[in-house]
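A.B. asks: Output the structure for:
(chains A, B, C and D)
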There are 2 protein chains.
Amino acid sequence: MVFKALADESRRQLLDRLFARGGQTLGMLAAGLPMSRQAVAKHLAILEAANLVSVHWRGREKLHYLNPIPIGEIVRRWVGKFEDARVESLTGLKAELEDAAIEIKEKRNVRT
Amino acid sequence: MVFKALADESRRQLLDRLFARGGQTLGMLAAGLPMSRQAVAKHLAILEAANLVSVHWRGREKLHYLNPIPIGEIVRRWVGKFEDARVESLTGLKAELEDAAIEIKEKRNVRT
DNA sequence: TTGACATGCAACTATAAGGTTGCATATGGG
DNA sequence: CCCATATGCAACCTTATAGTTGCATGTCAA
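C.D. replies: Here you go, the predicted structure:
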């Protein structure tokens, strides 16, 4: 799942590295990160499963690339439905605030 | 953090509910979800911390709203930097594939 | 073919995360 | 004032996840 994949800092760092330079091998990516090669392999597997990273085998080397499908598109597919909700929610908030104001007014009347 | 907040299905459901109707109380949101009120409260706290949900107190009731700042914007701020990487990455992939093709050709030549 | 290198697989550990229960606190209404 | 209601706080349990180590597999190059 995309959000779970992006939720981890190490995985975002891996995406950063692939952003800086595509086609890196597992070994290249693992070197310089403060964790074992196997840990990196796991992260890359998760990124692959989330369709954020694609791979290409060249002999015994596994080359990693940011997925051709734009990450933004994948994410937008998930959050897009909330885009239009914003205005309505704000309206709702406004209404509630007004309700509260009225209630306070009413109380003042009772007490006076 | 936004992605961690969005990574959980229960929290996405809560956003769905607030999308359907803003200004719901903790109790309202908890009713109908297969978990305790306290669990929902924790999720809402995480959504608040991630700036996805804003609250407004009315007496003893806590009203929840999707954050005025569009969720899409928040998310885009995180993934935006990868948007432009796509083309370059594809180019990189293309180059690697061509490299691979050349290697295979060279081998054929050696063997032939 | 053999050795070195690149990756995969599996078992295990530690910590974080989602969930529960029980009790405390604060507000509103009669 | 008192009780019901709405939420908060804290301890605890269970499972998921990030990480480790050790060994197996597969490919290149001499």
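
A.B. asks: Which pLDDT value belongs to A:Val78?
C.D. replies: Val isn't right for residue A:78; it's Trp. The model reports A:Trp78 with a pLDDT of 70.

A.B. asks: ugh, wrong one, A:Leu97
C.D. replies: The predicted local confidence for A:Leu97 comes out at a pLDDT of 47.

A.B. asks: And the helices in chain A?
C.D. replies: In chain A, helices defined by DSSP state H lie at A:2-6, A:9-20, A:26-30, A:37-49, A:71-83, A:85-111, listed in chain order.

A.B. asks: ok, stretch A:30-37 near DNA strand C or not?
C.D. replies: Yes - using C-beta under 7 Å from any atom of the strand as the criterion, contacts between stretch A:30-37 and DNA strand C involve A:Arg37. Heads up, the C-betas are built off the backbone N, CA and C, glycines and all.

A.B. asks: buried residues in that stretch?
C.D. replies: Under the neighbour-count criterion of 16 or more other C-beta atoms under 10 Å in any protein chain shown, stretch A:30-37 has A:Ala30 buried.

A.B. asks: any idea of the mean pLDDT in that stretch?
C.D. replies: For stretch A:30-37, mean pLDDT rounds to 95.

A.B. asks: Quick check: end-to-end length of that stretch?
C.D. replies: Stretch A:30-37 has an end-to-end distance of 5 Å (criterion: C-alpha to C-alpha, to the nearest Å).

A.B. asks: Against DNA strand D - does that stretch have any residue that ends up touching it?
C.D. replies: Yes - using C-beta under 7 Å from any atom of the strand, a contact is recorded between stretch A:30-37 and DNA strand D, made by A:34-36.

A.B. asks: nearest to B:Leu18, of those residues?
C.D. replies: For those, the closest approach to B:Leu18 (C-beta to C-beta) belongs to A:Met35, at 37.2 Å.

A.B. asks: Run a quick neighbour tally on the nearest residue to the closest one once chain neighbours are set aside.
C.D. replies: Counting by C-beta to C-beta, 6 or more residues apart in numbering or on different chains, the nearest residue to A:Met35 once its immediate chain neighbours are dropped is A:Ser10, at 6.9 Å. By the measure other C-beta atoms under 10 Å in any protein chain shown, the count of residues near A:Ser10 is 14.

A.B. asks: Am I right that A:Ser10 is in contact with A:Leu33?
C.D. replies: Yes - using C-beta atoms under 8 Å as the test, A:Ser10 is close enough to A:Leu33 to be in contact (7.1 Å).

A.B. asks: so what's in contact with these two at the same time?
C.D. replies: With contacts defined as C-beta atoms under 8 Å, 6 or more residues apart in numbering or on different chains, the residues shared by A:Ser10 and A:Leu33 are A:Val40.

A.B. asks: where's A:Gly32 relative to chain B, distance?
C.D. replies: With distances taken as C-beta to the nearest C-beta, to the nearest Å, A:Gly32 is found 19 Å from chain B.
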